[in-house]
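Student: predicted model, plus sequence, below.
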Amino acid sequence: MNDIVRRYARLQVPRYTSYPTAAEFAPAVASADQRRWLRELDTTEAVSVYLHVPYCRELCLYCGCNTKKAMRDDVIASYRVALEREIAQVSDTLSGPARIARLHWGGGTPSILGVDGLASVMQVLRSYFAFEDGFEHAIELDPRYVTSLLAESLKELGVNRTSLGVQDVNPLVQAAIGRWQPMQDVEAAVLRLRAAGIGSLNFDLIYGLPLQTIASLRKTCEIVAMLSPDRIACYGYAHMPRLKANQRRIDESTLPGVEDRIDQAEAIAEEFQRSGFLKIGIDHFARPDDALARAAMSGQLHRNFQGYTDDGRETLIGFGASSISRFSDGYVQNISDVPSLGDQPERFPMTDASAQMGKFSRASALVGWVKIVIARFSHANELRGINRAEFEQIARDLDLPPPELYRLLTGLAAEFEASPQLAKRLRAIKRKHRAARMRLSVPIAPCC
């Protein structure tokens with residue numbers, strides 16, 4: 001690892017998993033803007049839908065997602081009712097019935113709704129929206145709770161892709177993060193899902209966790225690859241004990257250092273590439289024949305708040321607490337706090353004036369991205385953490401030929417830290433493109 005990477009690795013930059021980044025978000029716009037964008041939505045164009053279920057039966061120590069521990073079934077049922085109410089509210093705001101091309105359940109643990117709860121939400125969605133033939137229907141699952149009944153029921157509901165939260169297979173690491181998950185549970189979940197006819201499987205892993213080593217992570221990668229998932233996402237752990245009380249129970253002395261994390265990420269990439277996976281961007285891997293890999297190779301790769309995707313649709317409608325919607329004119333986020341929705345139905349996001357939203361210019365967001373890219377740019381003339389498709393997309397968004405953007409980044413890399421010259425050149429880019437860029441309204445970014 002060269003000195004440039006060592007120096008920049010210690011810089012405090014916004015969490016890379018979200019775009020626009022958290023630093024670009026500020027409170028501003030009212031929920032009336034959200035309704036206006038919904039009314040103006042072209043319903044002849046298919047949309048993507050995200051459903052957030054912010055509950056788990058137990059809370060893992062590492063988790064930074066918007067989720068809570070829920071033991072009472074009535075709390076979960078009340079949330080489901082509120083979720084279905086929001087679907088009706090959004091549908092009533094649209095100019096006509098929209099068509100859904102992609103549907104993704106996230107959390108939390110969406111399956112905590114139970115088979116009947118999931119079916120109820122799907123019935124409401126089908127009452128207000130049309131589904132395209134062969135639409136992608138994905139759900140995030142905790143392998144420990146995947147029964148044969150659940151797998152078969154998901155298939156009946158049309159689920160054709162699942163994401164399993166594996167995190168790490170090492171028992172010592174699992175104990176350190178409060179998530180005891182024997183590998184037999186993961187293997188059983190894979191077998192049950194495939195037996196039910198759900199063949200597209202994603203695995204989620206995390207590096208930078210307590211007690212992880214290069215050797216242990218290589219072993220995790222080897223074991224995971226043997227189960228032949230189609231895609232793997234391996235995110236860096238974000239330790240935020242000031243914001244997440246559960247993370248305060250993690251022994252910080254067992255966390256890897258900055259340079260150790262970089263070495264871990266490189267080792268993970270080596271192992272998965274050795275196993276036949278293609279590296280997709282910063283933190284994803286896919287089989288060569290997977291749609292995500294084909295999108296990356298053809299320059300059609302995109303990134304949303306769930307990670308890299310081959311979904312190029314302009315509109316994403318989010319339902320549930322903290323969910324994010326994307327429209328042609330901006331981004332909006334539902335309130336993150338989850339009150340007892342059954343007792344206070346008026347607090348539901350669509351009708352709550354305190355919904356967290358903000359605004360910023362597209363030029364400002366792109367400059368923010370350029371800053372992050374520069375911070376990860378080495379004198380070895382390699383783009384650290386960004387693939388060719390992303391690089392070319394940024395160049396197109398800035399109306400710069402890729403060679404010119406490359407020269408700009410190369411010239412600015414050495415003077416990135418608090419450089420007046422860098423600031424001046426970035427401001428020039430921002431001024432040049434401000435008038436041509438569309439105003440976006442965005443929310444306070446989620447925690448993960």
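Tutor: Ah, there it is.
Student: how is the protein carved up into domains?
Tutor: Per automatic domain parsing, the structural domains of the chain span 23-351, 358-438.
Student: any idea what Arg303 is bridged to?
Tutor: Arg303 has these beta-bridge partners by DSSP bridges: Tyr308.
Student: that one and Ile280 touch, don't they?
Tutor: No: under the criterion of CB atoms under 8 Å, Arg303 is not in contact with Ile280, lying 9.9 Å apart. For the C-beta atoms, the positions are set from N, CA and C on the backbone; glycine is no exception.
Student: okay, those two: which has more neighbours?
Tutor: Ile280 (26 against 19; other CB atoms under 10 Å).
Student: got phi/psi on that one?
Tutor: Main-chain torsions, Ile280, degrees, to the nearest 10: phi -110, psi 110.
Student: give me the number of residues near Ala189?
Tutor: Ala189: 25 neighbours (other CB under 10 Å).
Student: was I right to think it contacts Val146?
Tutor: Yes: counting by CB under 8 Å, Val146 is a contact partner of Ala189 at 3.8 Å.
Student: okay, now Tyr128: neighbour count?
Tutor: By other CB under 10 Å, the residues close to Tyr128 number 17.
Student: the strand or helix carrying Phe285: partners in the sheet, and parallel or antiparallel?
Tutor: Using DSSP states H and E, Phe285 sits in strand 284-286. Here strand 284-286 is paired, per DSSP bridges, with strand 231-236 (antiparallel), strand 278-280 (antiparallel).
Student: can I get these in a markdown table including mean pLDDT?
Tutor: Below are the strands paired with strand 284-286 laid out as a markdown table (pLDDT from 0 to 100):
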| stretch | mean pLDDT |
| --- | --- |
| strand 231-236 | 94 |
| strand 278-280 | 95 |
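Student: closest one to Ala175 among these?
Tutor: Closest to Ala175 of the strands paired with strand 284-286, according to CB to CB: strand 231-236, at 20.4 Å.
Student: can you give me the distance of Tyr235 to Leu172?
Tutor: Look at Tyr235 and Leu172: by CB to CB, to the nearest Å, they are 20 Å apart.
Student: quick one, which of the two is more surrounded?
Tutor: Tyr235 (21 against 13).
Student: would you mind listing the buried residues in stretch 152-160?
Tutor: By neighbour count on 16 or more other CB atoms under 10 Å, the buried set for stretch 152-160 is Glu152, Ser153, Leu154, Lys155, Leu157, Val159, Asn160.
Student: all helices for the stretch 1-150 of the chain, in order.
Tutor: 3-9, 31-39, 73-93, 114-128, 148-156 (DSSP state H, counting those that start in this stretch).
Student: Ala269: which of these is closest?
Tutor: Nearest to Ala269, of all the helices of the stretch 1-150 of the chain, is helix 3-9, at 14.5 Å by CB to CB.
Student: average pLDDT for the closest one, rounded please.
Tutor: The pLDDT scores in helix 3-9 average 70.
Student: list the buried ones in the strand holding Phe285?
Tutor: In strand 284-286, counting by 16+ other CB under 10 Å, buried: His284, Phe285, Ala286.
Student: nearest to Ala245, of these?
Tutor: Lowest distance from Ala245 to the buried residues of strand 284-286 (CB to CB) belongs to His284, with 29.8 Å.
Student: how close does the closest one get to Leu316?
Tutor: 18 Å.
Student: go on, Arg248?
Tutor: Arg248 is 33 Å from Leu316, by CB to CB.
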